[in-house]
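Engineer: sequence first, then the predicted structure:
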Amino acid sequence: MIGNLFHLSYDAVHLFQHISSYRPFRRLSLSYNAIPTAEGAIAVAMEQSKEVLFEKKALILGFGRVSEALAPRLRALGMEVSVSNRGSERRQRAHEAGFYTIEWNEWPRKAREADFIFNTVPVLLFSAAVLLNLSKHTVIIDLAANPGGTDFAAAASLGLRVVLASGLPGRVAPVTAGKTLAAVYPPLIISMCSKQGV
């Protein structure tokens, strides 16, 4: 099986335990998937704002490949960018890149100050309790894999603006996404078949 995310039930795990799986996007360079996602996230932010992004405050949750592409682009637009990451190593990496960093247990309190929050962490971070602390003007752009990291029903009931923006490369840059798949999958399939003796 070739894919990026596998959501398997307990029974399915046992059914497929003898089948090889491969997640190619975990090994791709920054440019393949992160850059179109970052550019798409900025486009979403601009669509959701009635003002320029210049001098607005952005909070990025998680500092993986997408965030590494997104953070400098937001800063280039004149935004004040803060980063929070659970692991200290990547948080330090963000600090060395010149971004404000926030301890992981502190971001829910600091989130109220942000104009835009970009979430890249694929777990439920924005529970009803966390959402209650947010300002009505804050826009959450959830880039995490579907179903995202937000309680969308709670956000709607609180009148908060949340955009589930997973799968952006295929939506905002379909030609680039197609070229990526065309470059990655054929040699990958050939390699996997060769290893299996096919």
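Structural biologist: Happy to help now that I have it.

Engineer: please count neighbours and contacts with C-alpha atoms only from this point.
Structural biologist: Fine.

Engineer: was I right about Thr120 contacting Ser67?
Structural biologist: Yes: the criterion here is CA atoms under 8 Å, and Thr120 meets it with Ser67 at 7.3 Å.

Engineer: mutual contacts of these two, please.
Structural biologist: Common contact partners of Thr120 and Ser67 (CA atoms under 8 Å, 6 or more residues apart in numbering): Ile60.

Engineer: next one: phi and psi at the nearest residue to Val130 once chain neighbours are set aside?
Structural biologist: Nearest in space to Val130, with sequence neighbours left out and distances taken as CA to CA, 6 or more residues apart in numbering, is Pro108 at 6.3 Å. The phi/psi pair for Pro108 (degrees, to the nearest 10) reads phi -60, psi -30.

Engineer: ok, now the one 4 residues further on?
Structural biologist: Per-residue torsions, Arg112: phi -60, psi -20 (degrees, to the nearest 10).

Engineer: ok, the residue nearest to it when sequence neighbours are not counted - how many residues close by?
Structural biologist: Distances taken as CA to CA, 6+ apart put Leu134 closest to Arg112, at 4.6 Å, once the chain neighbours are dropped. When counting by other CA atoms under 10 Å, one arrives at 23 neighbours for Leu134.

Engineer: okay, Leu188 and Gly167: tell me how far apart.
Structural biologist: 21 Å (CA to CA, to the nearest Å).

Engineer: residue closest to the middle of the protein?
Structural biologist: Centroid-nearest residue in the chain, with CA atoms, centre = their mean: Thr120, separated by 2.8 Å.

Engineer: contact partners for that one?
Structural biologist: Ile60, Leu61, Gly62, Phe63, Gly64, Val66, Ser67, Asp142, Leu143, Ala144, Ala145.

Engineer: what about the lengthiest helix in the chain, distance to the chain center?
Structural biologist: Ranked by number of residues, the top helix in the chain under DSSP state H is helix 174-195. Between the centre of helix 174-195 and the centre of its host chain there is 22 Å, according to CA atoms, centre = their mean, to the nearest Å.

Engineer: and the next element down the chain from the worst-scoring helix or strand of the chain on mean pLDDT?
Structural biologist: When the helices and strands of the chain are compared on mean pLDDT, DSSP states H and E, helix 10-15 comes out lowest with a mean of 50. Using DSSP states H and E, the helix or strand that follows helix 10-15 in sequence is helix 30-48.

Engineer: neighbours around Cys193, how many?
Structural biologist: Cys193, neighbours per other CA under 10 Å, totals 11.

Engineer: on that earlier part again, helix or strand: which one has the nearest residue to the residue nearest to the centre of the chain once chain neighbours are set aside?
Structural biologist: The shortest distance from Thr120 to any non-neighbouring residue, by CA to CA, 6+ apart, is to Ala144 (4.5 Å). Assigned by DSSP H and E, Ala144 belongs to neither a helix nor a strand.
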